[in-house]
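Q: 3D, please:
(chains A and B)
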Amino acid sequence: MADLTPVAYDSKIEGNVVFTQLDAAMNWMRKNSLWPMPMGLACCAIELMASATARFDIARFGSEVMRFSPRQSDVMIVAGTVTYKMALAVKRIWDQMPEPKWCIAMGACASSGGMYRSYSVLQGIDHLIPVDVYISGCPPRPEALLEGLMRLQRKIAKEPALYEQKRGLFEEAVG
Amino acid sequence: MSHSPKAAISAVESQFKVLSKVEFRGETSLTVEASQISEICAFCKNVLHFDYLVDLSGADHLGEDPRFEVIYELYSLMNGEWLRLKVRLSEDNLELPTVTSVWATADWHEREAFDMYGIRFHGHPDLRRILMWDGYPFNPLRKDFPLGGKPSEMPDVAFSDAAPLEGGPFVTVSSTATVKDREPRARG
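A: Take a look at the predicted model:
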């Protein structure tokens, strides 16, 4: 009786291999290191800062690295009242962020203009940039921001990451 | 308790033309001639020691003539006295001498009145808008400007849209009715 010869077996790495889908792996890596661009414009920014402290600890979700350079950030957290005077500056910073990128509208003002039904306030940042998660509250507690972040993570987990990244390649193959 | 500086008021009245004088709850308001305002302010500061310009603001009395008003709130740190000066301006001559040479702090206050009401202060060193962007076509604190704003567009600089008010109650009504009826408050 001949011995079974294992194919492609390497005892050194066997215990360290997992099989998964490429999309799932990419999404897992992306969603657990979301570096925020803290677009703090009003009182929501205070809660945003609080969520980075030891008490709430946004680092538990891999988002402790607040990047003040849009080139290095993944998620823009629009925290506060967006006035028309500021709106195009927010848009410009959003445009400078590299893909893939996401946006959280934190609080009533960023989501809808909030209590400022006014000549000077943009009625929601979604008039200018696409928003993935809206967080209610005026301002929201840090727990609410963390909940929003977790919802964004769940959303990212379902994205067709490879297709989005190499869209041209896929369309060429199909067409 | 009265804060009215009797000596200072009679000094202003003897030196300049005072159109009206209102005493209310111990506060005195003097309405004076627009053309004399910078001399009166210089007199108040240098002779009467009103060394602190607490506030300078515009006001729009839509439906009245003259329509606009500029209010100077003065305080004397030396004597602990208050004095309010008012100037009325008609809509077709919205010009006033600046008081920046008297109190440097008037600079930004006058820019605000210029931005919000369109009142021009000649002699001002740097009369630009202070809150809205340069090129914004409206004066938002005028009573005939809607609370929700108006659309405007300056490519690459800024834009604005009218905010949806959905017939909301907190909207100023432009009319010649009394202040009580014009004011923005909940209407049933």
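
Q: residue B:74 sits in which helix or strand?
A: strand B:68-76 (DSSP states H and E).

Q: give me the beta-bridge partners of the one residue sitting closest to the centre of chain A?
A: By CA atoms, centre = their mean, chain A has its centre lying nearest to residue A:75, at 3.7 Å. Beta-bridge partners recorded for residue A:75 (DSSP bridges): residue A:36, residue A:102.

Q: do you know the pLDDT at it?
A: Residue A:75 is assigned a pLDDT of 95 by the prediction.

Q: now do the phi/psi pair for the nearest residue to residue B:8 once chain neighbours are set aside.
A: Closest residue to residue B:8 apart from its sequence neighbours, by CB to CB, 6 or more residues apart in numbering or on different chains: residue B:48 at 4.5 Å. The C-beta positions use only the backbone N, C-alpha and C, and glycine is treated the same way. Main-chain dihedrals, residue B:48, degrees, to the nearest 10: phi -100, psi 0.

Q: around chain A, which positions in chain B sit nearby?
A: B:131-133, B:138, B:140, B:145-150, B:156-165, B:168 (CB under 8 Å from any CB of the partner chain).

Q: and the longest helix anywhere in chain A, what does it pack onto?
A: Of all the segments of type helix in chain A, defined by DSSP state H, the longest one is helix A:142-157. When contacts are defined as 3 or more CB pairs under 8 Å, 6 or more residues apart in numbering or on different chains; DSSP states H and E, helix A:142-157 packs onto helix A:22-31, helix A:44-50, strand A:102-106, strand A:133-135.

Q: any idea which residue sits dead centre in chain B?
A: residue B:58 (1.8 Å).

Q: which residue does chain A bring closest to chain B?
A: residue A:119 (2.7 Å; CB to the nearest CB).

Q: that residue: how many residues sit nearby?
A: By the criterion of other CB atoms under 10 Å in any protein chain shown, residue A:119 has 22 neighbours.

Q: now swap in the one 4 residues further on and tell me
A: Other residues within reach of residue A:123 by the criterion other CB under 10 Å amount to 22.

Q: repeat that for residue A:45.
A: 18.

Q: you'd agree it is up against residue A:51?
A: No: here residue A:45 does not reach residue A:51: they are 10.5 Å apart, not a contact under CB atoms under 8 Å.

Q: rewinding a little: show me the contacts for the residue nearest to residue B:8.
A: B:5, B:8, B:11, B:12, B:76, B:83 (CB atoms under 8 Å, 6 or more residues apart in numbering or on different chains).

Q: for the second one, helix, strand, or coil?
A: To tie it back to what came earlier, the one meant is residue B:8. helix (DSSP: H, G, I helix; E, B strand; the rest coil).

Q: same thing with the fourth one?
A: With three-state DSSP as the basis, the three-state label of residue B:12 is helix.

Q: note down every partner strand of the host helix or strand of residue B:121 and its orientation.
A: For residue B:121, the host element (DSSP H and E) is strand B:120-122. Paired strands of strand B:120-122, with direction, are strand B:95-97 (parallel) (DSSP bridges).
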